[in-house]
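Participant: A structural model of the following input is requested.
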Amino acid sequence: MSENFQEILHCTDLVFTTNGLVISLLNKKRWRLALAKINCSRALLSLFSEVLEKHKKISIVPSSATFLINIDQPCKNSEVNQTLLSKVVKEKNLKELLKLGGAKGIAVSLKTDENRGIGGAVEDIFGRQEEFGTNAYSKPPTKGFLYFVLEAFKDPTILILLVCAALSLGFGIKENGPKEGWYDGGSIFAAVYLVISISAISNFRQSRQFDKLSKVSNNIQIEIVRNGRRQQISIFDIVVGDIVCLKIGDQVPADGLFLDGHSLQVDESSMTGESDHVEINQYRNPFLFSGTKVTDGYARMLITSVGMNTTWGEMMSSISQESNEQTPLQARLNKLTSSIGKVGLAVAFLVLLVLLVRFFTGNTTDENGDKEFSGFGKTKVDEVINGVLGIIAAAVTIVVVAIPEGLPLAVTLTLAYSMKRMMADQAMVRRLSACETMGSATTICTDKTGTLTLNRMKITKFWLGKETVEGKSYTSIAANVLELLHQGVGLNTTGSVYRSSASEFEFYGSPTEKAILSWAVLELNMDIEKVKGNCSIMHVEAFNSEKKRSGISMKKVEDDTVHAHWKGAAEMVLKMCSHYYDLEGNVNSLNDFDRMKFERIIQGMAASSLRCIAFAHTQVLEAGHANPNGQQKIQDNGLTLLGLVGLKDPCRPGVKRAVEDCQFAGVNVKMITGDNVFTATAIATECGILKLNEEMDDGSVVEGVEFRNYTEEERMEKVDKICVMARSSPFDKLLMVKCLKKKGHVVAVTGDGTNDAPALKEADIGLSMGIQGTEVAKESSDIVILDDNFSSLATVLRWGRCVYNNIQKFIQFQLTVNVAALTINFVAAVSAGEVPLTAVQLLWVNLIMDTLGALALATEKPTMELMEKPPVGRKEPLITNVMWRNLLVQALYQIVVLLTLQFKGKSIFSVGKKVNDTLIFNTFVLCQVFNEFNARKLEKKNVFEGIHRNKLFLGIIGITIILQIVMVEFLKKFADTERLNWSQWGFCIGIAAASWPIGWLVKCIRVPERPIFSYVNWKKLRCM
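Facilitator: The predicted model follows:
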């Protein structure tokens, strides 16, 4: 008998009473025999002391006639394993679940206290992870460096160059021997290797950057209960047996079962494809699945499967997280690249044709002045092939230089760089396109709470009846009113209170809920556990942004009376009331005069920037409340007003300056809030959105219902003037976004609630809040503001403009090189029958231009001068008139200088052909180096402003100059150059440096604002 009893102690918790022994059983069949044996023997009590000596972990909690033995054993149960748990939930097998004792039975089996959760000890967590797995998914392997190398090899121009290099290498070695013959082909190989390596490294680093951002965005914070305490942990740290608290907008973090809650509905479209919301309850459908979203109500769930044991985990393991997203700017640049490439291809083809004709007609000579081709019978085949290969390589290299591969690379670099820096500035980019689109934003529609304000609520005003209750005078409140306030606060809430010591409390929930609970506990001496013990909640209507109120119906245990409690926006709750309580606890009728008095009280608090919340109550007849399906609407009329509270939420420091910065940058800031019109006006004035002299009647402040009821024409006419929309619903926000977009605005919208998702998706840039935002809002947004601060939003605007501006700088720089290189090579080929720049030299220019240039110009940090310009808007051309002016003048200067050197350089400097070609090459490269400085500022004359802060730019310039010196002075065979003396170097630097004063002078030339190509009627041209 002793052995049987010890065996039972290891498996379950035992409760001893004076009448006998009652055992909590998971499986009745298993324990029936054991229970019979125990009940047959009163002698078991004599074994009690023996058991205590053998089990050190047993704790005894005595009551008047009760002993509790709680044995803390590892979470292992042969009856409930991972396979069974996964099967029951995935198959929604309610019958099997009932056999296992329902959700509560499984909680006992998993050693989870349904009220306090698991203990949370490190050993327990580790044991659960060992037995049931971790909440992480197996992802497809990420693409390695070799993949990006192979991708770079797929470029057809690179492949042609490699073929030319291989043939040139073969014929060169055959003709001149291994010692001298490898130079031409080997040089092209080395240059191509550099281009491929840098391209692959850039793309590989970008891929890793996206992986890091993906990990950050997937690291959702989940609210759980452990050891009786609500706390937030990472979704990856959840284990089987955890109790998770769910509210509207949350993502279900793992598979599990409904424990308790009210009005819970989830969106399972991510799993089933069905758009209808599914109701979750304890008896008919308690099954919750990872990846689904809570759309209404709140609940607590028991986690039964995590990670790869969930349906969502199986799906996610087969989905690649890599981003192949192409932003609108990248798409525009690809078109531009394609157009320039076609021009380059045409030029290269003409050069190829001219050079081939000149070669085969004997009009080209070698280094010794001999004809390269004297006829098919007189010239060796190897020499003919080598000559033709050289011509083809030169033509292909022209294509390589002409095609601006650096444009997409520059976009990638600047986006990756800005994303990384924006993370440090409290903004996480979820969609690349948002980086650049934000720079074009013309209007920002922002929330109030938490974005413009600190979201640190505190009750500073309390009205009971027509009297304000302040200081320590709460003791003067009548006992019956105080009891009702305790019920209204303690039961009608989604927050909770944890008592960490006799005098220390911790409050959980939204900032509003925490402020109200804190006030009730610390000021009104509410004992929330006592309140919950004296009442049972029957039905709940959860708060959402449309109703702006929440209600419960409850039954008092002592007398079975049913009561309804409501809490919400003061003016809305006031409309539901017909009576009010005064300070003495008397019920008074609410006549029109009294109603006006309360409305003035509400307006007075709102004008002081207070959020006004009202509490109301009524007793409900049982007969009137009962309903067979239990879903009757809670009584919401004929209520008695309990009191009004005013919550102060101070404006964020620096928000007024941030609003002014946006307005100065030509961006309109509109506040859309659920608060009443007086609170909204007061906060908007404090933040600088409204000016002190602006009044409601001039159309700058409207209520959501008023805006909604406008005709389409009225909305379109008035939407630009509106600065504040109060008492707005998510539908009103969506309506405003649509109107603004229809008027041509680029709209950025902030949102934190589930119902904000449509507006966030409709906007050009959706900005969700990282702290208060729901997972639904975050998934619908493009950028997550991690600190919920409007100042961070202004920073995002600066970064957006910086991205656009950096791309424009690089385009100007790149096109200058393209125009100059193509013109010089084409003119020289047609007139002289040769190109001044060899394949290796052109590849080196390409490297400077595409990679190093992109790195130097694409990583400029944002400056305040970016906020001095008006927003770009939707239809502005990528290449502006200012850019055309700058690049054409610089390209023309380079063309004139280099063609002069091509045709007159030998006589001017009294040098040979090879030295002259080196002078042309060196001058051309140095011109690009000096022109990079000009490209830093598109319009400003002082191109050196702030240059000391951009260490990367200076570093790249330095590296470029050093490498150029090495190319000219030390890699003569590789680069086909000759050493230059000091005077020749001085000439090259002087010619290149002249681009600075030319750049300064050209910026004095004014250009029309209207885009130059808008003067051309493209439709007529197409018809011709």
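Participant: Can you list the residue ranges for strands in the stretch 301-450 of the chain?
Facilitator: 427-429, 443-446 (DSSP state E, counting those that start in this stretch).
Participant: Now the shortest one: average pLDDT?
Facilitator: This points to strand 427-429. The pLDDT scores in strand 427-429 average 85.
Participant: now swap in stretch 248-257 and tell me
Facilitator: Stretch 248-257 comes out at a mean pLDDT of 89.
Participant: cool, stretch 584-602 as well?
Facilitator: The average pLDDT within stretch 584-602 is 93.
Participant: and what of stretch 433-446?
Facilitator: 86.
Participant: chain center to it: distance?
Facilitator: 14 Å (C-alpha atoms, centre = their mean, to the nearest Å).
Participant: chain center to the helix or strand harbouring residue 519, what's the gap?
Facilitator: Per DSSP states H and E, residue 519 falls inside helix 511-522. Remark: helix 511-522 is offset 31 Å from the chain centroid, using C-alpha atoms, centre = their mean.
Participant: now swap in stretch 192-209 and tell me
Facilitator: Computed by C-alpha atoms, centre = their mean, the chain-centroid distance of stretch 192-209 equals 25 Å.
Participant: Contacts for it, please.
Facilitator: Applying C-beta atoms under 8 Å, 6 or more residues apart in numbering, the external contacts of stretch 192-209 come out as 142-143, 145, 148-149, 151-153, 158, 161-162, 165, 322, 405, 409, 412-413, 416, 419-420, 843, 846-847, 850-851. Glycine gets a C-beta too; all of them are placed from N, C-alpha and C.
Participant: cool, and stretch 504-523?
Facilitator: By C-beta under 8 Å, 6+ apart, stretch 504-523 touches 223, 229-230, 449-450, 455-459, 462, 474, 485-486, 489-490, 493-500, 526, 528, 611, 613, 645, 647, 649, 772.
Participant: among the residues you listed, which are in helices?
Facilitator: Taking DSSP state H as the definition of helices, these contribute 485, 486, 489, 490, 528.
Participant: Can you report how many residues lie near the third one?
Facilitator: By the measure other C-beta atoms under 10 Å, the count of residues near residue 489 is 25.
Participant: CA-only coordinates of stretch 708-725 in CSV, if you can.
Facilitator: What follows is stretch 708-725, C-alpha atoms only, in CSV (Å, rounded to 0.1, in the frame of the first residue of the first chain):
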residue,chain,number,x,y,z
ARG,A,708,-18.0,61.3,-43.5
ASN,A,709,-21.3,63.0,-44.3
TYR,A,710,-19.8,65.5,-46.8
THR,A,711,-20.5,64.9,-50.5
GLU,A,712,-17.6,63.7,-52.6
GLU,A,713,-17.2,67.2,-54.1
GLU,A,714,-17.2,68.8,-50.6
ARG,A,715,-14.6,66.4,-49.3
MET,A,716,-12.3,67.1,-52.2
GLU,A,717,-12.7,70.8,-51.8
LYS,A,718,-12.1,70.9,-48.0
VAL,A,719,-9.6,68.1,-47.4
ASP,A,720,-6.5,70.2,-48.0
LYS,A,721,-7.6,72.8,-45.4
ILE,A,722,-8.4,70.2,-42.6
CYS,A,723,-5.6,70.0,-40.0
VAL,A,724,-7.4,68.1,-37.3
MET,A,725,-10.1,65.4,-37.5
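Participant: which parts of it are buried?
Facilitator: 708, 710, 715, 718, 719, 722, 723, 724, 725 (16 or more other C-beta atoms under 10 Å).
Participant: residue contacts, the first one?
Facilitator: Yep, that's residue 708 we're talking about. Counting by C-beta under 8 Å, 6+ apart, residue 708 touches 729, 731, 732, 735.
Participant: so which of these would you say is closest to residue 986?
Facilitator: residue 735 (67.8 Å; C-beta to C-beta).
Participant: Can you read off the pLDDT for the closest one?
Facilitator: pLDDT, residue 735: 93.
Participant: Quick one: residues contacting residue 90.
Facilitator: Counting by C-beta under 8 Å, 6+ apart, residue 90 touches 255, 311.
Participant: Okay, it and residue 705: tell me how far apart.
Facilitator: As for residue 90, its distance to residue 705 is 45 Å (criterion: C-beta to C-beta, to the nearest Å).
Participant: now residue 544
Facilitator: 17 Å.
Participant: Pick out whichever of those two has more residues nearby.
Facilitator: residue 544 (19 against 12).
Participant: quick one: contacts for that one?
Facilitator: 248, 296, 753, 754, 755.
Participant: Am I right that it falls within a strand?
Facilitator: No - the assignment for residue 544, made by DSSP: H, G, I helix; E, B strand; the rest coil, is coil rather than a strand.
Participant: pLDDT at it, what is it?
Facilitator: 70.
Participant: what do you get for the one 5 residues further on?
Facilitator: Looking at residue 549, its pLDDT reads 90.
Participant: For it, give me its contacts.
Facilitator: 541, 543, 566, 567, 568, 569, 572, 573.
Participant: what angle do whatever helix or strand the fourth one lives in and helix 511-522 make?
Facilitator: Secondary-structure element containing residue 567, defined by DSSP H and E: strand 562-569. Relative orientation of strand 562-569 versus helix 511-522 (axes from the mean of the first three to the mean of the last three C-alpha atoms, to 10 degrees): 120 degrees.
Participant: now strand 562-569, how far from the centre of its chain.
Facilitator: 38 Å.
Participant: now do stretch 998-1017
Facilitator: 38 Å.
Participant: for stretch 246-262, same thing?
Facilitator: Taking the mean of its C-alpha atoms, stretch 246-262 sits 24 Å from the chain's own mean (C-alpha atoms, centre = their mean).
Participant: Just the CA coordinates for that stretch, please, in PDB.
Facilitator: What follows is stretch 246-262, C-alpha atoms only, in PDB (Å, rounded to 0.1, in the frame of the first residue of the first chain):
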ATOM      1  CA  LEU A 246      -4.400  37.800 -26.400                       C
ATOM      2  CA  LYS A 247      -6.100  41.100 -27.300                       C
ATOM      3  CA  ILE A 248      -7.300  42.800 -30.500                       C
ATOM      4  CA  GLY A 249      -4.600  43.000 -33.100                       C
ATOM      5  CA  ASP A 250      -2.300  40.300 -31.600                       C
ATOM      6  CA  GLN A 251      -0.800  37.500 -33.600                       C
ATOM      7  CA  VAL A 252      -1.400  34.100 -32.100                       C
ATOM      8  CA  PRO A 253       2.200  33.000 -31.400                       C
ATOM      9  CA  ALA A 254       1.800  29.200 -31.400                       C
ATOM     10  CA  ASP A 255      -0.900  26.500 -31.600                       C
ATOM     11  CA  GLY A 256      -2.900  26.200 -28.400                       C
ATOM     12  CA  LEU A 257      -6.300  26.100 -26.600                       C
ATOM     13  CA  PHE A 258      -8.700  28.800 -25.400                       C
ATOM     14  CA  LEU A 259      -8.600  28.900 -21.600                       C
ATOM     15  CA  ASP A 260     -10.900  31.900 -20.800                       C
ATOM     16  CA  GLY A 261     -11.900  35.200 -22.300                       C
ATOM     17  CA  HIS A 262     -14.700  37.000 -24.000                       C
END
